[in-house]
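> Provided below for reference: sequence and predicted model.
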Amino acid sequence: SSDQRLKDVDVPLLLLSAIDDPIAPGHCIPWHAARENQNLVMAVTKHGGHLGWCDKDDPFNGCKWVEEASLSFLGAALDH
């Protein structure tokens, strides 16, 4: 599993997860590993399922929140 390799990440990495993910639920989130590596940024939401973050106002038109969060993180990482 990839969580065993988080300690080796040496570039900025955004980790997105949802507590209600049916595949990798909240109790599987590698909290400790994320805290131990300064290159990791963990974003956890209460809802989102498995790759299913839909916008509340337009749930059937893609996942703009994920795209915006990812682009924002990438921009900040590149500026750093």
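Looks like it arrived, so ask away.
> quick one: low-confidence parts of the protein?
1, 62 (pLDDT under 70).
> Now do the strands in it.
In the chain, the strands defined using DSSP state E lie at 13-18, 40-45.
> Pick the most buried one from the ones you listed.
strand 13-18 (a mean of 17; mean count of other CB atoms under 10 Å). From N, CA and C alone the C-beta is placed, and that goes for glycine too.
> ok and that strand relative to strand 40-45, angle-wise?
Angle between the axes of strand 13-18 and strand 40-45 is 20 degrees (criterion: axes from the mean of the first three to the mean of the last three CA atoms, to 10 degrees).
> Tell me how far the closest residue in space to Lys46 that isn't next to it in sequence lies from Asn61.
Setting aside the residues directly before and after it, Lys46 is nearest to Ile19 in space (CB to CB, 6 or more residues apart in numbering), at 5.3 Å. With the distance defined as CB to CB, to the nearest Å, Ile19 ends up 24 Å from Asn61.
> which residues in the chain form helices?
Along the chain, counting by DSSP state H, helices occupy 31-36, 64-79.
> list the buried ones in the shortest one?
By that I understand helix 31-36. Buried residues in helix 31-36, counted by 16 or more other CB atoms under 10 Å: Ala33, Ala34.
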